[in-house]
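Asks: sequence plus predicted model, see below.
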Amino acid sequence: MEVKFYYQNKPPKPQLETLIRNFSSVVEQVIELPTSIEVCLYDLGHSVYGGIDVHVLNRLGLNYNLSAKEIPLILIHELIHVNQKHKKILEIRRNGHFYWHGIPYTNQLPENLSYEEYENLPWEHDVKNRQSKVLQEVLHRINTVL
């Protein structure tokens, strides 16, 4: 998988790029992902760890301030969203409407929802249901190689 990195007014972090690139290549063996993704490392503040880009397919954002220890769990979460979009389970159309399994769900951007509303979005429930199993499988594959 090709991974491109973008930064917003911050110096590059080559060690994190290597971690993200290597980890993503193992995740790709566990869930279906596109052949390339874009990872934007931005200062997202203290309470936001990552997110998917609602305008650009296969782009995700990670908080620039995440440590190497925090990256795997947050990256798995966002890559499951990339998987949802890649398989068209989750669609975000140009008109700002979110579709879940082809059914219109909402036109509210996640940042305009309360925490409770956000946590109850069906694509967030899907991630919560899959995240632990995907992470375990990825770690198993990494440990098998080591």
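Replies: Arrived safely.
Asks: what are the ranges of the helices in the chain?
Replies: Secondary structure of the chain (DSSP state H): helices at 14-30, 71-86, 115-119, 122-145.
Asks: any weak-confidence spans in this protein?
Replies: 146 (pLDDT under 70).
Asks: most centrally placed residue in it?
Replies: residue 78 (1.4 Å; C-alpha atoms, centre = their mean).
Asks: right, and that residue touches residue 60 too?
Replies: Yes - the criterion here is C-beta atoms under 8 Å, and residue 78 meets it with residue 60 at 4.2 Å. Quick note: C-beta positions are derived from backbone N, CA and C, even for glycine.
Asks: residues shared between the contacts of those two?
Replies: 50-52 (C-beta atoms under 8 Å, 6 or more residues apart in numbering).
Asks: let me see the contact set for the residue nearest to the centre of the chain.
Replies: Here residue 78 is in contact with 50-52, 60-62 (criterion: C-beta under 8 Å, 6+ apart).
Asks: please list the members of these that lie in strands.
Replies: Among those, the subset assigned to strands under DSSP state E consists of 50-52, 60-62.
Asks: not counting sequence-adjacent ones, nearest residue to residue 54?
Replies: In space, residue 54 comes closest to residue 92 once its chain neighbours are excluded; the distance is 4.9 Å by C-beta to C-beta, 6 or more residues apart in numbering.
Asks: partners of that neighbour in the sheet?
Replies: residue 98 (DSSP bridges).
Asks: you'd agree it is up against residue 105?
Replies: No - using C-beta under 8 Å as the test, residue 92 is too far from residue 105 to be in contact (10.1 Å).
Asks: more neighbours: which of these two?
Replies: The residue with more neighbours, out of residue 92 and residue 105, is residue 92; 18 against 15, by other C-beta atoms under 10 Å.
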